[in-house]
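**Student:** Take this sequence and fold it.
(chains A and B)
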Amino acid sequence: MVYLDYSATSPLLSCAKEAMLATMGLSGNASALHTPGHLAMNVIEKAREEIAKLINAEPEEILFTSGGSESNNTVTNIFAGESVAVSAIEHPSLLESARARCETTILPVNSEGIVGKITGENYKLVSVMLANNEIGTINNVKKLADETHKMGALFHTDATQALGKIPIDVKALDVDYMTLSSHKIGGPVGIGALYIKKDSPFKPLIIGGHQEKSRRAGTYQTVNIAGFGAAAKYTREHDLPKLFKAQIGPLRNQLAKEILKNVPFSSINTPLNNSLPHLLNCSFEAAEGESIQLYLDAEGGIITSTGSACAAGDGKPSHVIMATKGDAEIAHSSVRFSFGIDSTKKDVEIVMQYLPGIVKRLQGISTLKAGKIKKEDSYYDK
Amino acid sequence: MTNKTNRSQDSKTKSAPNPKNTCSTRAAANGFPAGTDWVYTDIVKEHFLNPRNFLMGDESKYRCDAKGIVGNPICGDQMLMMIQVENIKDEKTGKTEPVIKDVKWKTYGCASAIASTSALSELAKGRTLDNALKISAEEIEEYLGGLPKHKFHCSVLGHEALAAAIEDYKKNH
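**Tutor:** Numbers count the residues shown, from 1 in each chain, chains lettered A, B, ... in the order given. Next up is the predicted model:
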């Protein structure tokens, strides 16, 4: 199988699995003061240190959550009823929870997904993701955080996709809150974290327990936390952001180049010179994304994602492609390839063995005529 | 429509960037075979992988007596149905009735849209126009052994295109 859906979830790293298996024998509740409880708490605190080190934070600034969605919800809950500004391409867990709880202004993005100046004023919080999950665009979070602080507001960034793919230093970025997730870096699903800069305003989302210094109620997920810690440790010790830049980025660029050369009416939605190195989002005119995805799965054993409404379940095309490209057909026809640490040149070759034929066939039976997007508009040729 | 080829299970044969003998995602990534377990029934999958009666390429290549189109690419699904009609005498009644002799279709859409249009083309062929008008979304869904709930309303539209084609025929004949 050619697994190119690492941005949806990374398969579990073997070292994370080992750490989890080792922890399953710890039967105590980590909040208890007896020996089994304390042994479990030691595992949790070691993992907390590892996650803190990965982003240059202090361990006490790391709050464990159930994942990125809870971390984002926790942040919007702190600012419930307040005026906030969030980018148009945030993850739905940020976008929708902000809309539900706060007086929300949507910050527009350009065709590459970049937030320009922060328009408007009197915000209490501004949230712009470090890197986008669908098209991979990296925003200039340092600049945006500085601008936000000058306005007297606090800054949150969702680093779920960026973690482990590019170097992250919360002190250098000067953010007040940062969302992190375990399963995008090869840890288990169901665990994440929120970085909360020391002395920043906080209000728990889940109340009714003293865990996490009364910041998040609920019995500790010792096994999942151990897996997250192991994945964070491996990411830091092996400098995976460096590996992604040096080895995975060129693979991604090679795929982009070959798609534009060999797949008719293809275009690239990812800004290749300012994006996560492992992610490539493309559109194939007149061919629908879910069909491409499932033919790739059935014929080539190639696993990908799509921004098509058909695959989403809510009947709406990708809000990210709509915000950047403004075209529903491009969104419906989009496919995301996301590489991981074990991806190879052979994976690119296999994709190119199947993809052109699949797209040509779908274009052949399509009611739509391809040719709307001019070749010179596709990103790679710029 | 598919090219039967050997699925590449050994795609990770070349050395990976990730240093050998260290932590890896390979075991987890290869833990199950691709293309084997979908949200769709086996009948939907079979019609998607081997659709019947589709028209590849320029629609002017197919001589049809009438056609109908439904759906909107903005919503993600669009179907075109083209029919050839022949007046056939019913042996029992002695009445001559227009019958769908052949159907071709084109679709822009998801797996469910492709499979349901393919299924419709099978259901419609050989029916009298009046009988073909009775084909409902429910009948198509039943033929396919069911569809995920969120797929039903947006992707089973072909019967409306067929009805439009039949109306088109009746208007001009």
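**Student:** buried residues in the strand or helix carrying residue A:258?
**Tutor:** Residue A:258 belongs to helix A:249-262 when assigned by DSSP states H and E. Neighbour counts over helix A:249-262 (16 or more other C-beta atoms under 10 Å in any protein chain shown) mark A:249, A:251-253, A:255-256, A:258-260 as buried. C-betas here are computed from N, CA, C, even on glycine.
**Student:** Get me the contact residues on the stretch 51-200 of chain A for chain B.
**Tutor:** Residues of the stretch 51-200 of chain A found near chain B (C-beta under 8 Å from any C-beta of the partner chain) are residue A:186.
**Student:** oh sorry, the question was meant for the stretch 201-350 of chain A
**Tutor:** By C-beta under 8 Å from any C-beta, the residues of the stretch 201-350 of chain A that approach chain B are A:234, A:238, A:243, A:246-248, A:286-288, A:290-291, A:294-295, A:297-303, A:308-311, A:313-315, A:317, A:328-329, A:332, A:340-347, A:350.
**Student:** Try it again at 7 Å.
**Tutor:** A:234, A:238, A:243, A:247-248, A:286, A:288, A:290-291, A:294, A:297-301, A:303, A:308-310, A:313, A:315, A:317, A:328-329, A:332, A:340-342, A:344-347, A:350 (C-beta under 7 Å from any C-beta of the partner chain).
**Student:** Format the buried residues of helix A:249-262 as JSON lines; extra columns: pLDDT.
**Tutor:** Formatted as JSON lines, the buried residues of helix A:249-262 follow (pLDDT from 0 to 100):
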{"residue": "A:249", "pLDDT": "98"}
{"residue": "A:251", "pLDDT": "98"}
{"residue": "A:252", "pLDDT": "98"}
{"residue": "A:253", "pLDDT": "97"}
{"residue": "A:255", "pLDDT": "98"}
{"residue": "A:256", "pLDDT": "97"}
{"residue": "A:258", "pLDDT": "97"}
{"residue": "A:259", "pLDDT": "97"}
{"residue": "A:260", "pLDDT": "95"}
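**Student:** ranges for the strands of chain B?
**Tutor:** Counting by DSSP state E, chain B has strands at residues B:66-72, B:77-89, B:96-108.
**Student:** Make TSV from those and add distance to residue A:204, mean neighbour count and mean pLDDT to it.
**Tutor:** Converted to TSV, the strands of chain B look like this (distance: least, C-beta to C-beta, whole Å; neighbours: other C-beta atoms under 10 Å in any protein chain shown; pLDDT from 0 to 100):
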stretch	distance to residue A:204	mean neighbour count	mean pLDDT
strand B:66-72	45	19	94
strand B:77-89	44	21	95
strand B:96-108	48	21	96
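**Student:** Any chance of those strands in a markdown table with distance to chain A as columns?
**Tutor:** Output for the strands of chain B, formatted as a markdown table (distance: least, C-beta to the nearest C-beta, whole Å):
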| stretch | distance to chain A |
| --- | --- |
| strand B:66-72 | 7 |
| strand B:77-89 | 4 |
| strand B:96-108 | 4 |
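**Student:** right, so of these, which gets closest to residue A:49?
**Tutor:** Residue A:49 sits nearest to strand B:77-89 of all the strands of chain B, at 51.0 Å, using C-beta to C-beta.
**Student:** circling back: how far does the helix holding residue A:258 sit from the chain's center?
**Tutor:** 22 Å (C-alpha atoms, centre = their mean, to the nearest Å).
**Student:** ok, which stretches of chain B are helices?
**Tutor:** Under the criterion DSSP state H, chain B contains helices at B:26-29, B:42-49, B:111-124, B:129-132, B:137-143, B:149-155, B:158-172.
**Student:** what residues does stretch B:137-149 touch?
**Tutor:** B:39, B:41, B:43-44, B:47, B:112, B:115-116, B:119-120, B:123, B:152, B:156, B:159 (C-beta atoms under 7 Å, 6 or more residues apart in numbering or on different chains).
**Student:** So which bits of the helix or strand bottoming out on mean pLDDT in chain B are buried?
**Tutor:** The weakest-scoring helix or strand in chain B, judged by mean pLDDT, DSSP states H and E, is helix B:149-155 (a mean of 78). By neighbour count on 16+ other C-beta under 10 Å, the buried set for helix B:149-155 is B:151-152, B:154-155.
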